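Q: sequence and predicted model, in that order:
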Amino acid sequence: MPHAKILLPAQCRGARGLLSWSQGELADRAGVSRSTVKDFETERHALHHSTERLLIDALEAGGVTLIPPGGDHGAEAGAGVRLKLAS
């Protein structure tokens, strides 16, 4: 069974930065409240799995790839985010 993607607060902030999105824009695209995004990014609370999935789907649809810990660079590499190649 494949591992579920996990979104970290820093990845969320970084992805928004790459996309030039505000917290409000991400919230609108994901169908969640701005306070949900803000509270997650400032580590005030964790996300429910369904909310996390909505944020991941919105960010990936916007054009970023979320890189899990280890990712392309071995076990010691941290999680990250990068822009997808243009089609």
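A: Looks like it arrived, so ask away.
Q: so where does Glu52 fall, helix or strand?
A: Element membership of Glu52, judged by DSSP states H and E, is helix 49-62.
Q: next SSE after that helix?
A: strand 64-67.
Q: how about the CA coordinates for that next one, as PDB?
A: The C-alpha trace of strand 64-67 is given here as PDB (Å, rounded to 0.1, in the frame of the first residue of the first chain):
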ATOM      1  CA  VAL A  64       3.900  22.300  -7.500                       C
ATOM      2  CA  THR A  65       5.200  18.900  -6.500                       C
ATOM      3  CA  LEU A  66       5.500  18.100  -2.800                       C
ATOM      4  CA  ILE A  67       8.700  16.100  -2.000                       C
END
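Q: output the below-cut-off pLDDT ranges for this protein.
A: 1-4, 71-76, 87 (pLDDT under 70).
Q: could you pull out the helices for it?
A: 9-19, 23-30, 34-41, 49-62 (DSSP state H).
Q: any chance of these in TSV, with mean neighbour count and distance to Leu85 too?
A: Backbone N, C-alpha and C define where each C-beta goes, glycine included. TSV is the format used below for these (neighbours: other Cβ atoms under 10 Å; distance: least, Cβ to Cβ, whole Å):
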stretch	mean neighbour count	distance to Leu85
helix 9-19	18	13
helix 23-30	18	21
helix 34-41	17	26
helix 49-62	17	13
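Q: please consider this matter closed, and thank you.
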